[in-house]
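**Q** sequence and predicted structure below; questions after.
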Amino acid sequence: MKPLRIAHTADNHIGLRFNGRPYTEDLRKRLVEERYLAAERVVETANSRGADLLVIAGDLFENTRVPAKAIIRTAEILNGFTGVNVIVLPGNHDFYEQGNETLWGRFCDAMKENFLVLLSKPEPVSVFIGEAEVAFYPGPCRSKHSPTNSIGWIEEKPKNPDAINVGVAHGSVSGVSPDMDEKYYPMTPENLRKAGVDFWLLGHTHLRYPGEQRAEGSLFYIPSTHTPDGFDCDHEGYIWCLDVLPGKKVVAESIRTGAFRFYERKRSVDSVASIEDLKREISMLEPGTTLLKLVLDGRLSEEAIDHLHEIIGEIGQQFCYAEVYHENVALNINREYIDANFSRDSLPHRLLSAFAEQPEDNLVLQLAHDMIREARQ
Amino acid sequence: MILRQVRLHPFGGATDRPVAFAPGLNVVLGPNEAGKSTLVNALRSVLFRSTQLTATRFRSEMQAYVPVTGGDTVRVTLLFAVDGQEYSLEKCWGASGSSRLRLPGGGELTAPERVEKELAGLLHTGEGTYNYVLITYQTHLAGTVNELRKNPLESTEALTSLLQRSIFQSDGISIERLRMLARQREDEYFSKWDRGRGAPEEGRDFDKPWINKVGRILKCYYDLRGTEHAYREAVVYETTIDEFAVRTNGLKQEAETEAAYVNTHARFVADARRRSELEIRLQKFKEDIPRLRDIQQQWPRSEEHVKRLHDEVISLREQYKELLAEQRQTEAYLNQQTLRETFARAEREHERLVEEERRLSEIKNIREPDVKSLRDVETTIRNLQIKVESQKLALRIEAKNSFEARLKTSAGDQRVRVEAGESINETTKGAFELLHADWAVAVRSATDDAVALQRALEAQTARHAELCRNLVVANAEEAGLLQRSYEEQRTRVEKARSALQALTGKESYQAMEQRVADLGTVVPGRSVSVISELMKQVTAKGENRSRDEKELQGKCDEWVERYMDPDHLLDLLLRHKQDAAEAEQQVRALAPLPEGVKDATAYVADFDRRKEMLATKKEELNQLLLERATFEKNEPDESLEELEDRLRDQRARFECALAEGESYARIHQELERLVETLDAKAYKPLQDRFESLVDQLTLHRYEGLQMEGPLPVKMKANDRAFTLNMLSQGTLDVLALAVRIGMAEYYLDGNDGFILMDDPLVNLDPERQHAAVACLQEFARRKQAIILTCHPSHAESLGGNLIRL
C-alpha cells in the first residue's frame, strides 16, 4: 500500500521586494521572480514524487498586502499540484484576519474549487486520501507578533487514533529558532509533544530541521525556505518530502528547490596561501546565482594585499552581487617592514614606529602607512 | 628642467619663429608690444594648461591667444631638457586640442592626461610655484610676498617641505603634503562632528541635519540614525498592524457571534413579531366585531330613541315653563304677603313713633348749654354765698318802740315789726339793710366788698331766677332732669323712626301705604319650595334627556361618519369576521417561540438589540478596515528584517568610521608633534639667505628680516623693523627679488631649473640695479635665468645670451 506522501514547504515570502540592499534593478527583479520560479519547482518536485498533499506551513506571502496579481499567480502555480489537496496555514507575515479577507479571500477565489484547505481557524480539519483520514490540527497566526502560540487548544482535542494526526504551526521553537523577545508564537518541544499529534509540520524558522538531508521519526519538521531570501539564509532552499509508513513511521527527505544562494562568510587571511584558499572556496560557487558577502580580516604583506585586491576586483566582476568588507585587512606593518621601507629617523619612519609599538594601534598604523604612501605620489 | 627652445605657431600676435635659450643667463630684449608677455604666457600655457578644454574654458583661457588674423587654433612647441635628457612638447588648443610629448628614448605620449602627468613629474613642482616664484611679471614682483602669503598652499608649503627635508629627511615625501593629508583626513572624518560630545555639532541630529561639509563619521551617523528611525517606524507600523489585526479579529468574532444569533433567531423573531401583530389585530377584531354588532343592533333603536328623547326634552321644557310661571305667581303672592306684613309692622312702628314724638313735644327742650349755664350760675351763687356767709353778721334789734321796717338780708327782704320791748335776732351774711321810713341801717363786712358780693350774689340770684323762669325750672337740677328726659325721649323717637325706616327702607311710610293700597288680589298656589323642587326635577330630567339625546345623536352621527349607513356597517362586520378568521389561520401557521422563551416582547427586544449591535460591529469593522487601509499607505519600503540587517551593517560602519577618524586624529597629532620639533629649525637657512640677498641688493641698507614661516614680513634697519607697507616700491622690488631668488635656489636645489623674470631692474636705482645684476649673474651660473626687458641698457648690463624680439 502506497504510503501517504506529503510535500512540506513554508516561508515562501512571495511578494518580498528585496529593497534592503543595493542590488541592481536587474538582480532585484530576478530575486523577486525567483520566489515564483522556486514555487513552481516545489510543485514540480511534489508532482514528480507523487505527493498526495502539499502543505505550506505559513508565510506563503510576504505580507497581507501583496498585490492581487501576486496572489493570483501564486494560486495558478499551486493549482498545478496534481495531488489531492493543497493545505495552507496563514503565518505571521500573511496572518489571517477575520473581517479583512483581501489576501485570503482573493487567494481562495483563485484556487481550484475543493482543492485548497485553508487552515484559518484553530479547529481540526480532515482530508481523506482514499480511505485514510489525515487530520490536521492547525495553529494559525492572527497577527505579526504574539507572545503566545496558537497550538494550546490541540492538547484537549480528542484524536482519532486511526487517522494520521498532523500538527501544522508557524512560530519559533526553543532550542532551534532565535526569538529572544518571545514574540513569534514561541513553542517548545514540550508543547509540541503534549499536543498529542503524530508529528508536526512547522514554519517560520528559515533553517532546515532536522539538519540532515534525510530524517526519520522526528517530532517536528521545518523545511527552511523554498529559496533563500537573504544572507541569514545560508542554504539552497528546500522542501521536505515525508512518507508516512504503516505504523505512522515518518521518513523524510529534504529536496533542494532554490536556485539562488546567499553566501556569507567571515574569513581571516594572513598569507597569499590563505587568499588562494579563499579563492578556491569561492570558485566552487555559481557566480550567476550566488550573492556573496565576505567579511575579511587579517594582516598581509603588500604583495598579498595587492593580490587580494585583484581577487576582490574579480569577485565584483564575476558575481551577480558581492559585498566584500576588507577594512580589517591590513598591511602587515612591523618593525622590519618599517626599517626596510623608510630611512631610519625619517619622518615617516618615526611616525610609523610610534604606532608599531602597540598591537592595538594596528588600524592607526595601517592608515598612517596609506597616508604616507599617498603623500609620496 | 631647462628650456631649449620655444616656438609659437600661432600664439597671440607673435611671429612664428623659434626662440632659443641657452643654459645660464638669457636676456630677451624687445620693445613694448614686441611679444615678451606673449612669450611668458605661451610658456605658462605649454607647461601647465591642458589641451582638453571645454568651450567655456577655452574662451576664458585661450581665446585671447587666437590670432586676430584668423583661425581657431593656438599652438606652442617647447624643447627642454631634464637631467640631460631632451624632450619635445607640442600642445595645440582649439577645435581639436592635442598634446604630444616626445620622450628621450624616442617614445611619444599623445594622450593629454598622460602628457600632463609626465610633465608634472618632470617639472618637480606645480604651477603655483612657477607662477609665484619662478615665472614673474614685473607688475607682480612687488606683490610677491603678499601673493605668496595669500597662496601658501603649494609654493610655500613645498618650500617649507624642502627646507625641512634638508634637516629632516622625508624619504621623498612632501611633509607639508603629509600634514595636509593628515589634516584633510581628520577634517573629512570629523567635519561637523563634536568629538567631545560624540554627537553632531550644535546638536544637529538626524532630524535637522547638516547639509554641507558633512564628515564621514557624521554621514555614517546620519545613515545609522536614519535607519534606526526607519526601523522604529517599521516597528511601530508592524505593531499597529498587529493591533489592527487583533481588533479586526475581535470585532469580526463579535460580529459573527451576533450574526449567528441573528441568523438563527431571525425567523422566530419575525414570526413572533407577526404573531404579535396578528394578535393585536385579532384582539381588535374581538373588540370590533361585537362592537360593530352592537352598533348594528343599536343603530336603528338609537335613532328612534333619539327621537323619543328629543320629544321628551321638548315636553320637559314645556313643563319647566309652566312651573316657572307658577313659581312667578307664587313669588308674587308671597311678595304681596310680605309687603302687607311689613306694612303692618311699619304701621305699628309708625304709631309708636307718633306717640313718642308726642311725648317729646311735652317735654321742655332744655338744652345742655342752658343747663350748664344754670349750673354755672348756681355754682357762682354758692361761691358767693360762701363768701357772703363768711361775711355773716348777727343782728339784734331791741325795739324800745315798736316799729316796722324792711329788712334786707342775704336771706331776703322782709318786713319786720318789732313791738316795743321786743327784739329780733337776725343773722345774715355779708350785709343787711334795715329800711325804716325814717331811717335805714346798712351793715356789711369790713372785709371784701360785701356789698359787691352781695350785689353779685343778688345779680346771680336774679340771673338764676331768670334762667329758671325761662326754662320753667326751679333749678339746675331740675333743668338737668328735664334735659335728660328730653334727650331720652328724643332717643326713643329716633329709635322708633329707625325701626320704621328699617321696615320701609328707602321708601317712605306713605309710599308703602300707598303701595299696599294698590295691591291686587293674587291667589296663592303651591309653595315656592315645592315648585322649585319640581323645577329642579324637570331641569335635571331635561338635562339628562338632552344629554342622552346629544350623546346618542353623537353616536349616531359618528356611526354615519364612519359607516355611512347600517348596510355598510353590516358589510364591514362581515369583512372583519372574515379577516379575523384569516388572521387566526395565519397565527396557527407561525413558528412557536423557541424553547425557554416565555416573554415574546423581551425576546424580540433582545433580538433587535443584538441586530443593532451586529450592524454597529459591522460598521466598526468597516471603519477599522478603512482606517487600516489608510494606515497601510505608510508601509515602509523595507521589511523589518531588512532594516535589522541594514542596521547591523550601519552600526559596524559607524564604529569603523569612528575608529578610523580617531586613528587619523592620532596620526595628525603625532605628525604635528614630530613636525613641531623641526619647524623651529627649518626656516633659518632661508632667512639667512634672504637676509644675505637683501643686504647685498640694498647695499647694506637693510640687514635683517623678521619672518613668518618661510616668508619675510618686516625688514630691519638700524634696529628698527619696517612692515612691508612702509617700504618704498624700489625696496619692495628688491625684497621680492631676494625672495624669489632665495626660494628658487631652494626650490631648484639638486635639479636643473629655470627662473623667468620680466624687467626686474626697472624700479631700482642704478646702484641697486648693479647689485641686482650681480645677483642674477651669480644665480645664472648655477641655474638657467631668462630675463625679459625692453631696456637695452639693462640687457647690456646683464649680458648673457641675448635674444632680440
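**A** Thanks, I have it. This is a predicted model, so every value here is computed, not measured.

**Q** and the residue of the stretch 1-150 of chain A found nearest chain B, what is it in contact with?
**A** Nearest to chain B in the stretch 1-150 of chain A, going by CB to the nearest CB, is A:G20, at a distance of 2.7 Å. Glycine gets a C-beta too; all of them are placed from N, C-alpha and C. A:G20 is in contact with A:G230, B:E638, B:S639, B:E641, B:E642, B:L643, B:D645, B:R646, counting by CB atoms under 8 Å, 6 or more residues apart in numbering or on different chains.

**Q** reformat these as JSON lines; add distance to A:R30 and secondary structure.
**A** Listed next are those as JSON lines, based on distance: CB to CB, whole Å; DSSP: H, G, I helix; E, B strand; the rest coil:
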{"residue": "A:G230", "distance to A:R30": "15", "secondary structure": "coil"}
{"residue": "B:E638", "distance to A:R30": "19", "secondary structure": "coil"}
{"residue": "B:S639", "distance to A:R30": "19", "secondary structure": "coil"}
{"residue": "B:E641", "distance to A:R30": "20", "secondary structure": "helix"}
{"residue": "B:E642", "distance to A:R30": "17", "secondary structure": "helix"}
{"residue": "B:L643", "distance to A:R30": "22", "secondary structure": "helix"}
{"residue": "B:D645", "distance to A:R30": "19", "secondary structure": "helix"}
{"residue": "B:R646", "distance to A:R30": "21", "secondary structure": "helix"}
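
**Q** got any ranges where the stretch 151-300 of chain B has weak pLDDT?
**A** Within the stretch 151-300 of chain B, the segments meeting pLDDT under 70 span B:151-172.

**Q** show me where it has helices.
**A** B:155-167, B:175-190, B:216-362 (DSSP state H, counting those that start in this stretch).

**Q** checking the residue in the stretch 701-805 of chain B that chain A sits nearest to next. Helix, strand or coil?
**A** Ranking the residues of the stretch 701-805 of chain B by distance to chain A (CB to the nearest CB) places B:G750 first, at 16.4 Å. Three-state call for B:G750 (DSSP: H, G, I helix; E, B strand; the rest coil): coil.

**Q** quick one: pLDDT of the most centrally placed residue in chain A?
**A** Ranked by distance to the mean C-alpha position of chain A (CA atoms, centre = their mean), the top residue is A:C233 at 3.1 Å. Predicted confidence (pLDDT) for A:C233: 83.

**Q** do you know how far it is from chain B?
**A** Distance of A:C233 to chain B, computed by CB to the nearest CB, to the nearest Å: 11 Å.

**Q** before we move on, what about A:I305?
**A** Noted for A:I305: a distance of 17 Å to chain B, by CB to the nearest CB.

**Q** that residue contacts A:V329, doesn't it?
**A** Yes. Using CB atoms under 8 Å, A:I305 is in contact with A:V329, at 6.9 Å.

**Q** the more surrounded of these two?
**A** A:V329 (24 against 20; other CB atoms under 10 Å in any protein chain shown).

**Q** the helix or strand where that one lies close to chain B?
**A** A:V329 is part of strand A:321-331, with elements assigned from DSSP states H and E. Yes. On the criterion CB under 8 Å from any CB of the partner chain, strand A:321-331 is in touch with chain B at A:E327.

**Q** need the residues that contact that strand.
**A** A:21, A:23-24, A:27, A:269, A:291-302, A:305, A:308, A:312, A:315-316, A:337, A:362-363, A:365-366, A:369, B:656, B:660.

**Q** for B:L79, what are its contacts?
**A** B:L3, B:R4, B:Q5, B:V6, B:E86, B:Y87, B:S88, B:L89.

**Q** so it bridges to which residues?
**A** B:Q5, B:S88 (DSSP bridges).

**Q** again with B:E426
**A** Residues in beta-bridge contact with B:E426 (DSSP bridges): B:L395.

**Q** so it versus B:A405, what's the distance?
**A** For B:E426, the distance to B:A405 equals 11 Å [CB to CB, to the nearest Å].

**Q** out of the two, which sits in the more crowded spot?
**A** Between B:E426 and B:A405, counting by other CB under 10 Å, B:A405 is the more crowded of the two (22 against 16).

**Q** can you report how many residues lie near B:S793?
**A** By other CB under 10 Å, 11 other residues sit near B:S793.

**Q** list buried residues within the contacts of strand A:321-331.
**A** Among the contacts of strand A:321-331, those classed as buried by 16 or more other CB atoms under 10 Å in any protein chain shown are A:21, A:23, A:27, A:269, A:291-296, A:298-300, A:305, A:308, A:312, A:315, A:337, A:362-363, A:365-366, A:369, B:656, B:660.

**Q** which ones among those map onto strands?
**A** A:L291, A:L292, A:K293, A:L294, A:V295, A:L296, A:G298, A:R299, A:L300 (DSSP state E).

**Q** how about those residues in CSV, adding pLDDT and distance to B:V734?
**A** Below are those laid out as CSV (pLDDT from 0 to 100; distance: CB to CB, whole Å):
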residue, pLDDT, distance to B:V734
A:L291, 94, 71
A:L292, 93, 69
A:K293, 93, 68
A:L294, 93, 66
A:V295, 91, 65
A:L296, 93, 62
A:G298, 89, 62
A:R299, 86, 58
A:L300, 87, 58
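
**Q** and which of those residues is nearest to B:V560?
**A** For those, the residue nearest B:V560 by CB to CB is A:L291; the value is 100.8 Å.

**Q** pLDDT wise, what is the spatially closest residue to that closest one that is not a sequence neighbour at?
**A** Nearest residue to A:L291 in three dimensions, chain neighbours excluded: A:Y321, at 4.1 Å (CB to CB, 6 or more residues apart in numbering or on different chains). Looking at A:Y321, its pLDDT is 93.

**Q** try B:G94
**A** 87.

**Q** with adjacent residues omitted, what lies nearest to it?
**A** Spatial nearest neighbour of B:G94, excluding adjacent residues (CB to CB, 6+ apart): B:T73 at 3.8 Å.

**Q** count of neighbours near that neighbour?
**A** Residue neighbour count, defined by other CB under 10 Å, stands at 17 for B:T73.

**Q** can you check B:F268 too?
**A** 19.

**Q** correct me, but it touches B:P594?
**A** Yes. Counting by CB under 8 Å, B:F268 touches B:P594, with 5.5 Å between them.

**Q** for chain A, where's the lowest mean pLDDT among helices and strands?
**A** helix A:335-341 (a mean of 79; mean pLDDT, DSSP states H and E).

**Q** which parts of the stretch 51-200 of chain A sit against chain B?
**A** So the stretch 51-200 of chain A meets chain B at A:62-65, A:95, A:97-100, A:142-145 (CB under 8 Å from any CB).

**Q** can you list those residues in TSV and add neighbour count and secondary structure?
**A** Output for these, formatted as TSV (neighbours: other CB atoms under 10 Å in any protein chain shown; DSSP: H, G, I helix; E, B strand; the rest coil):
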residue	neighbour count	secondary structure
A:E62	20	coil
A:N63	20	coil
A:T64	23	coil
A:R65	15	coil
A:F95	28	coil
A:E97	25	coil
A:Q98	19	coil
A:G99	22	coil
A:N100	22	coil
A:R142	21	coil
A:S143	20	coil
A:K144	21	coil
A:H145	18	coil
